[in-house]
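Student: model the structure of this input:
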Amino acid sequence: MARGPRYRVPFRRRREHKTDYKARRAMATSGIPRLVVRPSAGSITVQVVRSEIEGDRVVTQTASRELAERFGWLGGGKSTPAAYLLGLIAGRKALKEGVESAILDIGLGSPTRGSRLFAAAKGARDAGLRVPCDDDIAPDAGRIEGAAIAAYAGGLEEPKEYERRFSRYIRRGLRPEGLPDHFRAVKARIG
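Tutor: Okay, the predicted model is just below:
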């Protein structure tokens with residue numbers, strides 16, 4: 001156990017791996033709204049948040065559940081195509097609320113090239129929201145449409161493995177090989 005006057009205990013939310021206070025302070029003092037992307041175990045939440053003196057105010061929010069209920073999304077709630085569509089919805093909602101630009105807030109998420117976090121940012125950019133994020137870090141168009149998922153599903157030779165990995169897709173009535181077409185249909189419904 002560490003003892004002595006030089007030992008400093010980090011803040012509770014930092015110890016719980018929830019908040020990067022240095023990044024949060026920089027974003028909060030900038031005065032620019034934040035595009036907050038938070039993946040969880042089964043879904044993704046995308047919010048546009050304004051930092052105010054009284055605390056953060058959520059301007060708009062969307063989650064995987066809304067994507068399924070309002071727009072008929074049958075794919076996975078935490079997939080890259082779902083993240084892109086959620087970013088698209090959040091960007092459209094933010095523009096209706098008068099927010100024209102936002103900075104990307106991925107929290108303690110790992111900034112990995114081609115990740116779901118950047119797919120959501122690309123969706124918001126395609127909606128017309130100005131988000132300073134390089135196009136090279138976002139996933140390519142095929143991955144955003146779900147072509148990688150469809151190719152993986154088509155390559156599975158074992159029927160039991162196919163049913164085990166894509167049981168939720170099959171239960172909802174979507175063959176994983178048809179995910180790119182379904183993605184385009186849902187994107188058209190979003191507008």
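Student: the top helix by length along the chain - contacts with which helices or strands?
Tutor: Longest helix of the chain, by residue count under DSSP state H: helix 80-96. Applying 3 or more C-beta pairs under 8 Å, 6 or more residues apart in numbering; DSSP states H and E, one finds that helix 80-96 makes contact with strand 34-39, strand 44-52, strand 55-63, helix 64-71, helix 116-127, helix 141-145, helix 179-190. Just so you know, the C-beta spots here come from the backbone N, C-alpha and C atoms, and that holds for glycine as well.
Student: apply 6 Å and report the result again.
Tutor: strand 44-52, strand 55-63, helix 64-71, helix 116-127 (3 or more C-beta pairs under 6 Å, 6 or more residues apart in numbering; DSSP states H and E).
Student: now do it: everything it contacts.
Tutor: With contact meaning C-beta atoms under 6 Å, 6 or more residues apart in numbering, helix 80-96 is reached by 44, 46, 48, 60, 62, 64, 67, 75, 116, 119-120, 123-124, 127-129, 139, 143-144, 146, 183, 190.
Student: now which of these would you call buried?
Tutor: Buried members of these, counted by 16 or more other C-beta atoms under 10 Å: 44, 46, 48, 60, 62, 64, 67, 75, 116, 119-120, 123-124, 127, 129, 139, 143-144, 146, 183, 190.
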